[in-house]
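**Student:** could you work out the structure for the sequence below:
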Amino acid sequence: MNIYVLVKRTFDTEEKIVISGGSIQEDGAEFIINPYDEYAIEEAIKVRDSAGGEVTVITIGNDESEKQLRTALAMGADKAVLINAEEDVEALDQFSVAKILSEYLKDKEVDLIFGGNVAIDGGSGQVGPRLAELLGINYVTTITSFELSGTDVKIVRDVEGDSEELTTSLPLLVTAQQGLNEPRYPSLPGIMKAKKKPLEELELDDLDLDEDDVEPKIKTVEVFLTAEKQAGRVLEGEIAEQAKELISLLHSEAKVI
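**Tutor:** Predicted coordinates:
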């Protein structure tokens, strides 16, 4: 069984992010595997261990993305593919990424593709469904349970706080939601083995893609941090006095009435 996992290198949002000149400063920033992609990697490894096959992790990035791919290999993936977009990687949008991935995968014998539900830096959740459409295969998003039986798959997916059960068949793309599993930590033997596992590196030219083919459809106008939250205010006095002061504040400071 040929299993592919879509991986993205993202900022660690638990660390301090600095924005200068309308862009996030990478110097000193911590980068990680997108957390939702870790659920995808874990589930792919579990399926491989039970049904056989091979797990290949794939990312579009630059030379720095090799670290995250090696981490995925240390977790237990068999192979890795880096499609090096060099300095253009930040300009790519969901359309561009899906187009590039589809060109790489179109002549592969794909049985299963796992991806994270969303990336924590963008949160669009579009790449997986777009890729499935381009490849012409089934897809299910936000899954919290995955059970494979031959070529049939039983799935539970998160639906706005509720759940939905459904069945489908391979080939299939699914995106992982929190709760699907508990991703493993790379072990020391896994880290050592990862250094010897194959990591293929490609350029966009290797996929016979021109810049016009992957030209982004979305333009980022501005990047900014959210405003710091102000401390709350406790109103003193009798209830009637508090109500009068609250109305005054809503009118003069909050300007909502």
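**Student:** nearest residue to the middle of this protein?
**Tutor:** Ala119 (3.3 Å; CA atoms, centre = their mean).
**Student:** how about low-confidence regions in the stretch 1-150 of the chain?
**Tutor:** When residues are selected by pLDDT under 70, those of the stretch 1-150 of the chain lie in 22-23, 26, 87.
**Student:** thinking again about what came up before, spit out the contact partners of the residue nearest to the centre of the chain.
**Tutor:** Lys8, Thr10, Asn34, Tyr36, Asp37, Val127 (CB atoms under 8 Å, 6 or more residues apart in numbering). Yep, even glycine has a C-beta here, placed from its N, CA and C like the rest.
**Student:** neighbour-wise, which of the residues you listed leads?
**Tutor:** Neighbour tally across these (other CB atoms under 10 Å): the maximum, 30 neighbours, falls on Asp37.
**Student:** where along the protein do the strands fall?
**Tutor:** Shown for the chain, the strands assigned by DSSP state E span residues 2-6, 9-11, 19-20, 23-24, 31-33, 54-61, 79-84, 112-116, 138-149, 152-159, 162-169, 172-176, 199-203.
**Student:** count the neighbours of Leu6 for me.
**Tutor:** 26.
**Student:** would you mind measuring from it to Asn34?
**Tutor:** Computed with CB to CB, to the nearest Å, the distance linking Leu6 and Asn34 is 9 Å.
**Student:** try Gly161
**Tutor:** Gly161 is 22 Å from Asn34, by CB to CB.
**Student:** before we move on, back to that, can you work out which residues contact both of Leu6 and Asn34?
**Tutor:** With CB under 8 Å, 6+ apart as the test, Leu6 and Asn34 both reach Gly116.
**Student:** how far away is the residue nearest to the centre of the chain from Glu165?
**Tutor:** Distance, Ala119 to Glu165, using CB to CB: 27 Å.
**Student:** same thing with Leu235?
**Tutor:** The gap separating Leu235 from Glu165 is 49 Å, by CB to CB.
**Student:** okay, the two: which has more neighbours?
**Tutor:** Leu235 (12 against 9).
**Student:** ramachandran coordinates for the more buried one?
**Tutor:** Dihedral pair for Leu235: phi -90, psi 140, per degrees, to the nearest 10.
**Student:** quick check, it in contact with Lys244.
**Tutor:** No - Leu235 sits out of contact with Lys244 when judged by CB atoms under 8 Å, with a separation of 9.6 Å.
**Student:** which one of the strands of the chain lies nearest to Ala227?
**Tutor:** Proximity of the strands of the chain to Ala227 was assessed by CB to CB; the nearest stretch is strand 19-20, lying at 12.9 Å.
**Student:** contacts for that closest one, please.
**Tutor:** Gln25, Val223, Phe224, Leu225.
**Student:** got the contact list for the third one?
**Tutor:** To tie it back to what came earlier, the one meant is Phe224. Contacts for Phe224 (CB under 8 Å, 6+ apart) come out as Ile19.
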